[in-house]
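Student: Need the 3D shape of this:
(4 chains, ligands or ions: 2)
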Amino acid sequence: MQKRAIVQANAEQWVQCARCKKILFRPDFERALRVCPHCGHHHRLRARERILLTVDPDTFEETDADLRPTDPLGFPEYADKLRKGASAAGENEAILTGLAQLNGVPIVIGAMDFGFMGGSMGSVVGEKVVRAFERGVELRCPVILFCASGGARMQEGLISLMQMAKTTAAVGRFHRAGLPYIAVFTDPTMAGVLASFASLADVILAEPGALVGFAGQRVAAQASVGKPPANFQTAEFQHEHGMLDLVVPRRNMRPTLSYLLEMFQASYAGSITP
Amino acid sequence: MQKRAIVQANAEQWVQCARCKKILFRPDFERALRVCPHCGHHHRLRARERILLTVDPDTFEETDADLRPTDPLGFPEYADKLRKGASAAGENEAILTGLAQLNGVPIVIGAMDFGFMGGSMGSVVGEKVVRAFERGVELRCPVILFCASGGARMQEGLISLMQMAKTTAAVGRFHRAGLPYIAVFTDPTMAGVLASFASLADVILAEPGALVGFAGQRVAAQASVGKPPANFQTAEFQHEHGMLDLVVPRRNMRPTLSYLLEMFQASYAGSITP
Amino acid sequence: MMTIFDFEKPINELESAIAELRQLAAEKGLDRSREIAELEAQRERLLRQIFAHLRPWDKVLLARHPKRPYALDYIRLMCESFVELHGDRLGYDDPAVVAGLAKMGGRNLVIVGQQKGRDLKERQRRNFAMAKPEGYRKAMRMFRLAEKFRLTVLTLVDTPAADPGVESESRGISEAIAQSMLTLFELTVPTVAVILGEGGSGGAIALAATNRVLMLEHAIYSVIPPEGCAAILYRDPNKAPQAADALKLTAESALALGLIDMIIPEPLGAAHRDPQTTALSVRTAVLQQLDELGAMSPDALREQRYQRFRAMGVFETVG
Amino acid sequence: MMTIFDFEKPINELESAIAELRQLAAEKGLDRSREIAELEAQRERLLRQIFAHLRPWDKVLLARHPKRPYALDYIRLMCESFVELHGDRLGYDDPAVVAGLAKMGGRNLVIVGQQKGRDLKERQRRNFAMAKPEGYRKAMRMFRLAEKFRLTVLTLVDTPAADPGVESESRGISEAIAQSMLTLFELTVPTVAVILGEGGSGGAIALAATNRVLMLEHAIYSVIPPEGCAAILYRDPNKAPQAADALKLTAESALALGLIDMIIPEPLGAAHRDPQTTALSVRTAVLQQLDELGAMSPDALREQRYQRFRAMGVFETVG
Ligand SMILES: [Zn+2]
Ligand SMILES: [Zn+2]
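Tutor: Ligands and ions are numbered 1, 2, ... in the order given. I've put the predicted structure just below:
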């Protein structure tokens, strides 16, 4: 009771871990990149926070900020959900893209925002992902995408399903240009996003404990004979099953990305030194 | 007792099925392409029989008949085994290769002979396989290989192991030329042959009941926790596990090969008609 | 609520009566042609009446109709010859996906289709046409075969969804779907997809990243099953019919949105009342598309496919 | 029969004595250098004596020596940095194969190695370095990554054999081995293999279809394990030493037969007596080969690899 009172009194100062429920001092929590020092839980980040945490200071330039979703099917409650999503995420859509540098290397970067309608992929997300890869080809830059999505956006119906194909096509062109694409699966990376551009990266990293999977847990369990394993659809489960390269704690993400970029530099820096 | 007497008396006229042990009238047995009418067992064929059974009459021209094995390591009993193999198989080595036509289509064809040292692959087999693929590229012909082998030939030591790589390299070049390669797994297709050129065909057929696998049955069983399934390492087992396209009874082999060649004709007849 | 199935009973009764009359007339040598013609007219009126006002939910039921022809039925009815090929060469052969080499209208095709089962046993064996990762990996092997030998690719889509089970998850169902699309996009041969029945989300698009996408008149194509949508939207899976309306999952909507290229008409009363005619229509439509695509160069085919999907999406640009 | 291990006991005793003396001298501040030098000379004499007359079977035992350095030991000792990557992207990650991105001598490498375990638990987890199909499929993924990003490939071979179990058979172990070789042959970047310990038949050649193949002095490379050969040849697996003679499985024989390019010398007493020095020798040898290969064009690299293996085989032409 006393603890709860503290939380309410100093909402700005204290924060509760979403997993272990311990109360954390916010400045410490922020310094730890929102990773709980007690249980290691990696709390979700806003798209903009994620990018600013990753790239070199003052290098991020947002692109395609002028794209806005519409309601092409007149889908129930969609217009309202878009408004709420925008105010919750502080962004106009479920993905933020732009140009930046990472350890001095010019990159195209994108980060999805689960706060905006569960990071779902509709027309704008699809278009921004495609433009990111097209821009990568044009500028001969690596592309780094932080995924966070429940899947395709139901409210744009079949148009959303087509974004799976559209983004995949863009990855195909990008690969043909011989450039590196690194995906990072953050909590959660699911369904239509996992089953399209996310899974097609040259190297796939994930944050510890991130939910990563195809179908909802209930659907998966119903469709199976046995009980799903305890770590089903976690980053660690996917890692065990060879579907991603490394589970990387948040504090190591930047150096790991930087190392990978360095290893692949012949492809984008033009100096082939085998 | 009476039956056995008949077999001995008319050894030319009567033959016993290797699986169901029934006594068969040889002319019928030959007409059935040595498939037992009672149990369906596909008896082994000599390399030359196999080829003559498959290609258009009077079209087979043997190639590389002048290659002979040597005993590069001075391996115990090898020279003797080579002599015995030659007299058992009526061939100079464990593979017979040549040019022929199948339903009018010029092809490069090869057939292995289990009777020659268990169809094992040493220097001569490797060289003849490579030359078959090189000839296929040169003449822009499909290659059809009937495999029958216990694996690499122990008696040429590491040189035999290298034939796995050598034949694989030749298949790689052949594929790059965009030409069709069809492999037929006959009884048995094992180990070093299965783990090199045999498994790299565009389409893989097998005869019913053929033994097809990597390790000897005893070794495989020892290395496993459970008991191997009843059909372990048969053509049917490999088919179930997606490792080959079709199990084709001997009587259907020629029309099936012919159909496949027709489907792939754009690649070798030069007329690309998509 | 009245569904398409409620109407099938009187139609089936009429059809039985017509069949009986014909047999009677034949046996007894009597002329019952007037009565027969009358009953047939009645049947046709009834069918026209029903099929003039199908709602999206009726289409869902038609697309899932247990008598609807399946991929292998179409292959049998459309093609001069077909040899099925098997396996992903990685350890599995998925019966939910059939694939092989076919001749159709003198053309050499690679066909890859999702296959439902007709009886319970086959339905289970085919996993209700819900492909596992190995089904898509078999498909990819066939696509690569097509590329190597310059064969045209025809995919036949009919799946409620990709298999969502634990085994499929553990073997990378998402990766398989993504790679299947990618493989299709990289091809330089003509590719055509036909949505035969259920075009179920990721499980369907995995095989439909093609130069042309056609849909049968009563097929559906949807980002989510209407039941799933209803559970989210109305917290009530029984409101699937309303969800079907909202999702715009009919061929008509897909065409209006520019997401498919053509609707293939079905016979009056839907495909299952006349599989032969339906298959002929599919054949004609596919061959027509292939005539168009045949004029394009390998690079142009890949480029057209890219631009086809690149253009999909509805958004605004502000400022 | 006397084996290499029989000689290890007196050497180990001498080494203990030397270590003790050193410690004593350090603790008490006494000068025991003469005694130490004498013991060391004795040790060296003994080692030289043993290693001057190693028979093939001794090499087999050395190659399998439980203290022999393994792939990850070499990677740690040779490379400036290494990040391990995981998975075949098809549902599995095989611990018998380690793979990743390394910097060595300023070069960017993809390294793929077979990894044995040091203790019982790790040995089981690594399946005694017997790769399953997914191990080779992980390797292939890394080879393709190398091709895309123009990285040099270094493979470290150390396996008794590919996994022969039922599971591996059912997932296509033979196909995986064949495809792994094929993938290596198609690369247009420089590739080097080092046989570190056991080069066990198909399991080894799967990773050794490279531009250059180097062998450590006491490694073995064989078409069949000597025990298996003895069982066939002499109907007695205990005659493995004789079989080892017959198989010509030493680095010396392989070089004489023109099947490898170079023998990397090991320190006196074999790699496990000085892993650091051994790793440095491997590093130097590999970098030297890469200097040579670096001058070749992508096509020339692929062509050299083809011709390298094309030339292997001993036969006669009659008439
Ligand atoms: Zn916590
Ligand atoms: Zn029989």
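
Student: Distance of A:Ser160 relative to A:Ala152?
Tutor: 4 Å (CB to CB, to the nearest Å). To be clear about C-beta, it is placed using only N, CA and C from the backbone, and glycine gets the same treatment.

Student: Find residues that contact each of the two.
Tutor: A:Ser120, A:Met121, A:Gly122, A:Gly192, C:Val223 (CB atoms under 8 Å, 6 or more residues apart in numbering or on different chains).

Student: quick check, nearest of these to ligand 1?
Tutor: Nearest to ligand 1 out of the shared contacts of A:Ser160 and A:Ala152 is A:Ser120 (CB to the ion; 27.4 Å).

Student: show me what contacts the closest one?
Tutor: A:Ala94, A:Ser149, A:Gly150, A:Gly151, A:Ala152, A:Arg153, A:Met154, A:Gln155, A:Ser160.

Student: can you give me the strands for chain A?
Tutor: For chain A, applying DSSP state E gives strands covering A:14-16, A:23-25, A:61-63, A:67-69, A:95-102, A:105-112, A:143-149, A:181-190, A:203-206, A:212-213, A:246-247.

Student: So which of those strands is nearest chain B?
Tutor: Closest to chain B of the strands of chain A is strand A:212-213 (CB to the nearest CB; 24.3 Å).

Student: do that closest one and chain D meet?
Tutor: No - shown here: strand A:212-213 not in contact with chain D (CB under 8 Å from any CB of the partner chain), separated by at least 12.8 Å.

Student: Mind listing the strands that strand pairs with, and their directions?
Tutor: The sheet places strand A:212-213 alongside strand A:181-190 (parallel), with pairing taken from DSSP bridges.

Student: How far off centre is the strand it pairs with?
Tutor: Strand A:181-190 sits 5 Å away from the centroid of its parent chain (CA atoms, centre = their mean, to the nearest Å).

Student: re earlier: in helices, which of the contacts of A:Ser120 fall?
Tutor: Counting by DSSP state H, those place A:Ser160 in helices.

Student: Report the two of the contacts of A:Ser120 separated the most.
Tutor: Taking CB to CB as the measure, the contacts of A:Ser120 span a maximum distance of 14.1 Å, between A:Ser149 and A:Gln155.

Student: ok, back up a step: which one of the strands of chain A lies nearest to ligand 1?
Tutor: Checking the strands of chain A against ligand 1 by CB to the ion gives strand A:23-25 as the closest, at 7.6 Å.

Student: which strands and helices sit next to that closest one?
Tutor: On a contact count with 3 or more CB pairs under 8 Å, 6 or more residues apart in numbering or on different chains; DSSP states H and E, strand A:23-25 meets helix A:2-9, strand A:14-16.

Student: check whether that strand contacts ligand 1.
Tutor: No - judged by CB under 5 Å from the ion, strand A:23-25 stays clear of ligand 1, getting no closer than 7.6 Å.

Student: Direction included, what does that strand pair against?
Tutor: Here, using DSSP bridges, strand A:23-25 pairs with strand A:14-16 (antiparallel).

Student: C:Ile50 contacts C:Asp6, doesn't it?
Tutor: No - with contact defined as CB atoms under 8 Å, C:Ile50 and C:Asp6 do not form a contacting pair (9.4 Å).

Student: Looking only at neighbour counts, state which of those two leads.
Tutor: Using other CB atoms under 10 Å in any protein chain shown, the more surrounded residue of C:Ile50 and C:Asp6 is C:Ile50, with 20 against 10.

Student: Tell me, what's the model's pLDDT at the more buried one?
Tutor: On the pLDDT scale, C:Ile50 is placed at 86.

Student: show me where chain C has strands.
Tutor: Going by DSSP E, chain C shows strands at C:81-85, C:97-104, C:107-114, C:152-159, C:191-200, C:212-216, C:220-222, C:262-264, C:315-317.

Student: starting at the chain centroid, how far to the first one?
Tutor: What that stands for is strand C:81-85. Centroid displacement of strand C:81-85 relative to its chain, using CA atoms, centre = their mean, is 19 Å.

Student: ok, is it in contact with chain B or not?
Tutor: Yes - interface with chain B: strand C:81-85 contributes C:Ser81, C:Val83, C:Glu84, C:Leu85 (CB under 8 Å from any CB).
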